[in-house]
Each structure stands twice: as C-alpha cells, then as structure tokens.
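> coordinates only, no sequence provided:
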Ligand SMILES: Nc1nc2c(c(=O)[nH]1)N[C@H]1C(S)=C(S)[C@@H](COP(=O)(O)OP(=O)(O)OC[C@H]3O[C@@H](n4cnc5c(N)ncnc54)[C@H](O)[C@@H]3O)O[C@H]1N2
Ligand code: MOO
C-alpha cells in the first residue's frame, strides 16, 4: 500500500511542535526565529534630524534666494551629530548642522552646504552665509517617527531574524528578543560500503556523501547539525545508538537502510518502535520512508540512501517539519511555473520530482532535466547542477517540450 506524499507529510507535521521559547540578546540572534512579535521601543528617527550637511534655517527666510540675489543669514552656532544642543533660531539666522544631528526646534528646514556660499576655502561660513536657493518647509529634515513610531510592530513571530531585521530592532532600541530554541538535530548515515571522501576505495566501496548533503540542507533551514556520524550496518548497535541520539536530540535524520533489503538496518532497528512506520510513498524518487516519534523522544526521519532520493525526501518531508519545529511561519521556497525545453517520460501513479536546471530567457523561465529522468535516484553527480525540482502530478503523463511545469526553486543546493 502506498501513501500519497501530502498524506504522509501531514502525518509527520501533525506529530511535530515548535521547540520552547528562550530569550536571547540581539547580538546573538542572527538567523534565529522570533517567537513573539517585537515592537519599536522608540520613534525612528528619535527626533527631527538633518538629512544633509548644511544649515538649519527658517524656510520663509529663503523665498527670494537665487545665485544672483543671495539671502544673507547670520550663523549663530553649530550642531553636530551626537550634540544635545537646541539653539534658539531668530528669523534671519542659521545654524551649521551635520547629517544626523537634531534639527533645532525653532528651524523648519535644512539647506545643503552646496546651495550656500561661505567665506572659508571649503565653502562653509563662519559668521555670515549666503543662501542661493529657496527651500521648502521640511526640506532635508527627517521627521521624528516618519520611519517607525514607538510601539509599531517591526518583526513578527515566525520570522527569521536576518541582518536587516536585526539592525531594525537594534535601531529601535530593542536589546533582547524571544526566539525558539534551535532544534538539536543529528544526521546519521548508514551503509557498510561508505568511506570518508578521499579515502582509497576497494571494489564495492563508495565515498560517503549524504551527510554533507543533509547537513547542508539543514543549514539552509537555519540549523547547524549537532551530531553527524556514520553507523555500520548492524541492527543491534544501530538500535542502541539511535535510542541514545533520540534521547538528546529533537530530530534524527538517517539515510540508507529503509528498503526491503536483508541489510536495510534502519527499518529493522526501528521495527520495535510503536510510533515509527515504514511507508511506501507515491513519489519518485523517495519512495521508501521510515519515520515517526522515537520512544526516547526525538522524531526520526529515516530517508532512503540513494542520494537524490534523500535530497528529495528532505525537501518534501523533512524541511517542512523542521521549519515547524524551528517555529518558522514565513513563506516556503517559491514554486515557479517554467516551460520545459525538452520533454521527458512521466511516471504513472506517483508524484515525479525531477531535478532541473532553470534559465531566464526572452520567453521567460525555462527548465530542463538536470539528471536523466530514467535514473534520477542515484544521479548524484548531475544532481549537483540542480536549480530546482519539477513536480509532475501523478496521471499527468509525459511532459512535452513547451509544456508548463511547476518547479520548487531550491537555489543553491
Ligand atoms: N527489492 C527492492 N529493492 C529496492 C526497492 C524496492 O522497493 N524493492 N526500492 C528501491 C528504492 S526506490 C530505493 S530509494 C532504495 C532505498 O534504499 P535504502 O534506503 O535501503 O538505501 P541503501 O540500500 O542503503 O542505499 C541505496 C544506495 O544509496 C547509496 N548510499 C547510501 N547511503 C549513502 C551515503 N551516505 N552516501 C552516498 N551514497 C549512499 C548506497 O550505496 C546505495 O547505492 O532501494 C531500492 N531498492
Ligand atoms: O524511491 Mo527510490 O527513492 O526511487 O530511488
């Protein structure tokens, strides 16, 4: 009996909840997921500030100013960034002001130094400044609160704190945030044929590549694997080790050993676990899956060993679950419509997930198979060029050149 991919994914998601909430300083919050919306502690800008280096003035004084008929103003002081001065500004006077400095309460505009003439060699004026243009009321003044007002929500629960969001919080006087604890995840590769990349290989042996694949895909969800290890094909020791890992991780992701083979040890090791199921999912690649809540605590994702099958399984089933565990509610990767530049054979009765390359041309976005559509699951070499996964619904049949297909844009994989 096969299970539809969406049913299998829902089964997993219904068993996952977000980790607990912790408070952290914003200095260490990059990449964390906000658990509670954060609002501005102050107005931004905090006070009316100059947007230019120049002179704070009364705009009404400048109405008649031109190059030929400059208006002469008396310079009565200076305000630089960081200054708390608020000099009085009688009509006919000006105050030298620098970008970011508080505009005197009595002024209503700033004229940039370039639109004035002063007696000093650098163009600035000591006592008298000639204003060469009229300026409007409010010109070159950043009004208090024009960006954000105190109390306004500037980051929402479920959003990932990227560089710009974090700096917005810092600017708005927020010092700490409530975030979800980052899920603790273990990545376990299984298979007696696997050797460290670069090791000499005997016949039958291959370099181990899935742990780099899965740890990298994890990092793209904002999670650094806490444990990465390889376990050989012995069911008893694997059962014991998985129980240990399940006790101090939130999730354990294994690759390999879930098929019906005699040595498919993940499936065999997890057979006694009442909440873990071996399932055949109607998707290619990624058909055999073994997942569920381990009695020691962690959720186990048992993915097939074929590298592309493991990647597709992660994309379809693990990624949404880990995003939920991490508290992320921001939108998933984009799904795009692309025109196939070459046709390929469909797969009847299953969702076909085909790694594709994407190109932007005069006719819009196009896609082409990155791996041979007949041998997807093990095409680890060509999978490296993947820009996305085309999703071909069961029953759609073959894809012809010129057909529109739906593609999950994976970007860098
Ligand atoms: N009689 C059947 N045989 C198979 C079936 C089936 O239904 N009946 N399903 C096939 C499908 S589909 C898949 S997918 C695989 C799933 O196999 P396993 O999860 O048991 O994976 P393994 O047999 O352990 O490995 C498969 C393949 O991948 C290579 N591998 C495994 N781990 C790694 C790693 N960490 N790095 C690089 N390569 C890895 C491994 O050497 C094998 O070549 O079963 C089919 N068979
Ligand atoms: O389902 Mo397997 O993952 O096709 O190769």
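Structure's in. What do you need? Note that the coordinates shown come from a computational prediction; the quantities given were computed from them, not determined experimentally. Ligands and ions are numbered 1, 2, ... in the order given.

> what's near enough to touch the closest residue in space to residue 294 that isn't next to it in sequence?
Nearest non-adjacent residue to residue 294, counting by Cβ to Cβ, 6 or more residues apart in numbering: residue 246, 3.8 Å away. Every C-beta, even on glycine, is put in place using the N, C-alpha and C of the backbone. Listed by Cβ atoms under 8 Å, 6 or more residues apart in numbering, the contact set of residue 246 reads 252, 294, 295, 296, 297, 298, 300.

> and the host helix or strand of residue 9, what's buried?
In this structure, residue 9 sits in helix 5-13 according to DSSP states H and E. For helix 5-13, the neighbour count (16 or more other Cβ atoms under 10 Å) marks 5, 8, 9, 12 as buried.

> ok, stretch 65-75 next?
Buried residues in stretch 65-75 (16+ other Cβ under 10 Å): 65, 70, 71, 73, 75.

> measure the first one to residue 94 for me?
If I follow you right, that is residue 65. As judged by Cβ to Cβ, to the nearest Å, residue 65 and residue 94 stand 12 Å apart.

> what touches both of those two?
residue 131.

> mind putting the buried residues of helix 5-13 into a markdown table with pLDDT?
Listed next are the buried residues of helix 5-13 as a markdown table, based on pLDDT from 0 to 100:
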| residue | pLDDT |
| --- | --- |
| 5 | 98 |
| 8 | 98 |
| 9 | 98 |
| 12 | 98 |
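
> from those residues, pick the one nearest ligand 2.
residue 5 (11.4 Å; Cβ to the nearest ligand atom).

> coming back round to it: which one of the buried residues of stretch 65-75 is nearest ligand 1?
Scanning these for proximity to ligand 1, where the rule is Cβ to the nearest ligand atom, the winner is residue 75, at 73.5 Å.

> farthest pair in the buried residues of stretch 65-75?
Across the buried residues of stretch 65-75, no pair lies farther apart than 65 and 75, at 15.5 Å, counting by Cβ to Cβ.

> pull out the buried members of the contacts of residue 246.
252, 294, 296, 298, 300.

> among the residues you listed, which are located in strands?
Within the buried ones among the contacts of residue 246, residues falling in strands by DSSP state E are 252, 300.

> tabulate the buried ones among the contacts of residue 246 (JSON lines), appending distance to residue 198.
What follows is these, written out as JSON lines (distance: Cβ to Cβ, whole Å):
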{"residue": "252", "distance to residue 198": "26"}
{"residue": "294", "distance to residue 198": "33"}
{"residue": "296", "distance to residue 198": "34"}
{"residue": "298", "distance to residue 198": "31"}
{"residue": "300", "distance to residue 198": "30"}
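
> and which of the buried ones among the contacts of residue 246 is nearest to ligand 1?
residue 300 (13.7 Å).

> mind checking pLDDT for that closest one?
Here, the pLDDT recorded for residue 300 equals 98.

> show me what it is bridged to.
Here residue 300 sits in beta bridges with residue 252, residue 292, going by DSSP bridges.

> you'd agree it is up against residue 292?
Yes. Counting by Cβ atoms under 8 Å, residue 292 is a contact partner of residue 300 at 6.3 Å.

> between the two, which contacts overlap?
Common contacts of residue 300 and residue 292 (Cβ under 8 Å, 6+ apart): 270, 273, 276.

> out of those residues, which are inside strands?
Per DSSP E, the shared contacts of residue 300 and residue 292 map to strands at residue 276.

> report the separation between residue 311 and residue 355.
8 Å.

> what does residue 93 give?
Distance from residue 93 to residue 355, by Cβ to Cβ: 70 Å.

> who has more neighbours, the two?
residue 355 (26 against 21; other Cβ atoms under 10 Å).

> so which strand or helix has the more buried one?
Counting by DSSP H and E, residue 355 is part of strand 351-361.

> name the residues of the stretch 201-350 of the chain found near ligand 2, please.
284, 285, 286, 287, 304, 306, 309 (Cβ under 6 Å from any ligand atom).

> contacts only, for the fourth one.
Under the criterion of Cβ under 8 Å, 6+ apart, the neighbours of residue 287 are 2, 280, 281, 304, 309, 350.

> PyMOL command for the buried members of those?
Per 16+ other Cβ under 10 Å, the buried members of the contacts of residue 287 correspond to this PyMOL selection:
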select buried, resi 281+304+309+350
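
> just put the contacts of residue 287 in a markdown table and tack on pLDDT and distance to residue 331.
Listed next are the contacts of residue 287 as a markdown table, based on pLDDT from 0 to 100; distance: Cβ to Cβ, whole Å:
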| residue | pLDDT | distance to residue 331 |
| --- | --- | --- |
| 2 | 94 | 29 |
| 280 | 97 | 30 |
| 281 | 98 | 24 |
| 304 | 98 | 28 |
| 309 | 98 | 26 |
| 350 | 97 | 27 |
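
> which ones among the residues of the stretch 201-350 of the chain next to ligand 2 map onto helices?
residue 309 (DSSP state H).

> and the closest residue to residue 84 other than its chain neighbours, what pLDDT?
Closest residue in space to residue 84, ignoring its immediate chain neighbours: residue 102 at 7.5 Å, by Cβ to Cβ, 6+ apart. pLDDT, residue 102: 97.

> surely residue 102 and residue 47 touch.
Yes. Using Cβ under 8 Å, residue 102 is in contact with residue 47, at 4.8 Å.

> so the residue of the stretch 51-200 of the chain found nearest ligand 1, which of the three states?
Using Cβ to the nearest ligand atom, the closest approach of the stretch 51-200 of the chain to ligand 1 is made by residue 189 at 3.7 Å. Following DSSP: H, G, I helix; E, B strand; the rest coil, residue 189 is assigned to strand.

> so in terms of bridging, what pairs with it?
residue 230, residue 255.

> mind listing what it touches?
Per Cβ under 8 Å, 6+ apart, neighbours of residue 189: 208, 210, 211, 229, 230, 231, 254, 255, 256.

> and the least confident of these?
residue 231 (93).

> how far away is that one from residue 238?
Where residue 238 is concerned, residue 231 sits at a distance of 5 Å (Cβ to Cβ).

> can you show me the helices along this structure?
5-13, 163-171, 210-219, 235-247, 265-269, 307-313, 319-326, 380-383.

> next one: phi and psi at whichever residue of the stretch 51-200 of the chain sits closest to ligand 2?
Distance from ligand 2 to each residue of the stretch 51-200 of the chain (Cβ to the nearest ligand atom) is smallest for residue 191, at 14.6 Å. The phi/psi pair for residue 191 (degrees, to the nearest 10) reads phi 140, psi 120.

> no more questions from me, cheers.
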